[in-house]
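[1] Okay, here's the prediction I keep looking at, along with the sequence it came from:
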Amino acid sequence: MHLVSVIINSHNGSRYIKKALNSLINQTYSNIEIIVWDNASTDSTKKIVENFKNKKIKYFFSKKFEPLYTARNNAIRKCNGKYICFCDVDDLYFPKKIEKQIISLIRHRKYVGYSNLFICKNFNNQKIHYKKLPKQVKINFNLLKNYHICMVSLIFDSKILKRLMFNSKYNFIGDFDLVIRLSKKFSFDYIHEP
């Protein structure tokens, strides 16, 4: 089983982090490390993370607040896994998310994968994101017309991600930029199940 690094980026996310961490600890795919990148929080995030006392969790604190994509890149540099995925502090994973994506990536020999997901408000009122199967042919052209990939659903081969990284000059579209750049070089694996 390949090691998978899961990054949680957080800034004052104490309201959500316990649920996010529990959703990762309860994955059926057990060979994971959880990189918590705390972006200069002033709330009780650190205390909540330390109360887990779980060896899979690695906590890093940034003394100064940094833009999101700088923080994401700093967290990536701490990862040891063959694969990297992101579960932001207000996100949750279903128990088999990592297992299903790893099996699919390996089976289809892909370097980047994404899945369907539910969009929720206050962890209630689930709304499915993709009702129809997204088009897979020439994904970069389809993405320019209709960008439909969410960060929480992505999984990357770490060699690819560490080579390309996020462009830290962006404040809001860093994930869009990265996915477009990746889609020019690689076809993506997709799982329609949320």
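    Cool, got the structure. Numbering: from 1, shown residues only.

[2] Sketch out the low-pLDDT regions of this structure for me.
    Per-residue confidence of the chain (counting by pLDDT under 70) places the weak regions at 122-141.

[3] what about the strands in it?
    Taking DSSP state E to define them, one finds strands in the chain at 4-10, 32-39, 57-62, 83-86, 112-115, 118-121, 124-128, 155-157, 189-191.

[4] I'd like those as TSV, with distance to residue 94 and mean neighbour count appended.
    (Each C-beta comes from the backbone N, C-alpha and C, glycine too.) As requested, the strands of the chain are arranged in TSV below (distance: least, Cβ to Cβ, whole Å; neighbours: other Cβ atoms under 10 Å):
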stretch	distance to residue 94	mean neighbour count
strand 4-10	13	24
strand 32-39	14	23
strand 57-62	20	16
strand 83-86	13	25
strand 112-115	10	23
strand 118-121	9	11
strand 124-128	11	9
strand 155-157	14	23
strand 189-191	11	20
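
[5] Distance to residue 181 added to these, as CSV?
    Rendered in CSV, the data for these read as follows (distance: least, Cβ to Cβ, whole Å):
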stretch, distance to residue 181
strand 4-10, 19
strand 32-39, 22
strand 57-62, 25
strand 83-86, 16
strand 112-115, 11
strand 118-121, 25
strand 124-128, 28
strand 155-157, 12
strand 189-191, 17
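
[6] Among these, which comes closest to residue 149?
    Evaluated with Cβ to Cβ, these place strand 112-115 nearest to residue 149, the distance being 5.1 Å.

[7] list the contacts for the spatially most central residue of the chain?
    Most central in the chain under Cα atoms, centre = their mean is residue 86, positioned 1.5 Å from the mean C-alpha point. Going by Cβ atoms under 8 Å, 6 or more residues apart in numbering, residue 86 touches 6-9, 72, 151-152, 154.

[8] what's the closest of the strands of the chain to residue 50?
    The closest of the strands of the chain to residue 50 is strand 57-62. By Cβ to Cβ, the value is 7.1 Å.

[9] Adjacent strands (with direction) for the closest one?
    For strand 57-62, the paired strands and their directions (DSSP bridges) are strand 32-39 (parallel).

[10] Please enumerate residues in contact with the partner strand?
    The contact list for strand 32-39 (Cβ under 8 Å, 6+ apart) reads 3-11, 17, 21, 24-25, 45-46, 49, 54, 56-62, 65-66, 68, 71-72, 74-75, 78-81, 98.

[11] okay, among the contacts of residue 86, which ones form the most distant pair?
    In the contacts of residue 86, the most distant members under the criterion Cβ to Cβ are 8 and 154, with 14.3 Å between them.
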